[in-house]
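Engineer: Okay, predicted coordinates and the sequence, questions at the end:
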Amino acid sequence: MAEDKKTESTGKDENSLMKRKGNYFYANGKRKTSVARVRLYENGKGDIIINNKPAEDYLFGSLIGNIKAPLKLANALKQFDVTALVIGGGVSSQSDAIRHGISKALLEYDPELRKVLKSAGFLTRDSRVKERKKPGLKRARRSPQWAKR
């Protein structure tokens, strides 16, 4: 007899953090293959939630400081609650994508911050991605070992 496999639902779907109530400023951030959908909620306490987890559980070390940098620069660390849905890439590129998204969302909140954020380099999308492999080569530029005879 075939048994039916039942999956237990935790009550949290992928977008449950995006259904939070309140006014927010929205922006997308990107880096390599990571895409972050970021929302800044007004009148927050400074909580940062990434993929339904607190930032301290999802990221580590300097990556947490990396995503808080635009908020510190704008003196808005305790002014907003941040929620982010991130897909693709590794943790470092996801951290950079979240930082990019937070910076763009801060611009939605206050266009006067553009000069400060731009000079820090937070508004520029880092477009470097892995180069494709070419035919006849081992990697993008690495050629097979040359044999004299």
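Structural biologist: Structure received.
Engineer: mind checking the backbone torsions on the spatially most central residue of the chain?
Structural biologist: Ranked by distance to the mean C-alpha position of the chain (CA atoms, centre = their mean), the top residue is residue 98 at 2.7 Å. Note on residue 98: its backbone torsions stand at phi -70, psi -40 [degrees, to the nearest 10].
Engineer: again, but for the one 10 residues further on
Structural biologist: Phi and psi for residue 108, reported as degrees, to the nearest 10, are phi -60, psi -40.
Engineer: Quick check, it in contact with residue 23.
Structural biologist: No - in this structure, residue 108 is not within contact of residue 23 by CB atoms under 8 Å, at 11.2 Å. All C-beta atoms are positioned from the backbone trio N, CA, C, and that covers glycine.
Engineer: between those two, who's got more neighbours?
Structural biologist: Set residue 108 next to residue 23 and count neighbours by other CB atoms under 10 Å: residue 108 wins out with 13 against 9.
Engineer: count of residues packed around the closest residue to residue 31 other than its chain neighbours?
Structural biologist: Once flanking residues are discounted, residue 31 sits nearest to residue 96: 3.9 Å by CB to CB, 6 or more residues apart in numbering. Residue 96 has 23 neighbours, counted by other CB under 10 Å.
Engineer: Can you check my assumption that residue 96 lies in a helix?
Structural biologist: Yes - according to DSSP: H, G, I helix; E, B strand; the rest coil, residue 96 belongs to a helix.
Engineer: shouldn't it be in contact with residue 35?
Structural biologist: No - Residue 96 is beyond contact range of residue 35, at 11.4 Å (criterion: CB under 8 Å).
Engineer: Now the common contact residues for those two.
Structural biologist: Taking CB atoms under 8 Å, 6 or more residues apart in numbering as the contact rule, residue 96 and residue 35 both touch residue 29.
Engineer: residue boundaries of the strands in this protein?
Structural biologist: Ranges of strands within the chain are 24-31, 34-41, 48-50, 53-54, 81-87, based on DSSP state E.
Engineer: Could you save these as JSON lines and add columns showing mean neighbour count?
Structural biologist: Supplementary listing: the strands of the chain in JSON lines, determined by neighbours: other CB atoms under 10 Å:
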{"stretch": "strand 24-31", "mean neighbour count": "19"}
{"stretch": "strand 34-41", "mean neighbour count": "23"}
{"stretch": "strand 48-50", "mean neighbour count": "22"}
{"stretch": "strand 53-54", "mean neighbour count": "12"}
{"stretch": "strand 81-87", "mean neighbour count": "20"}
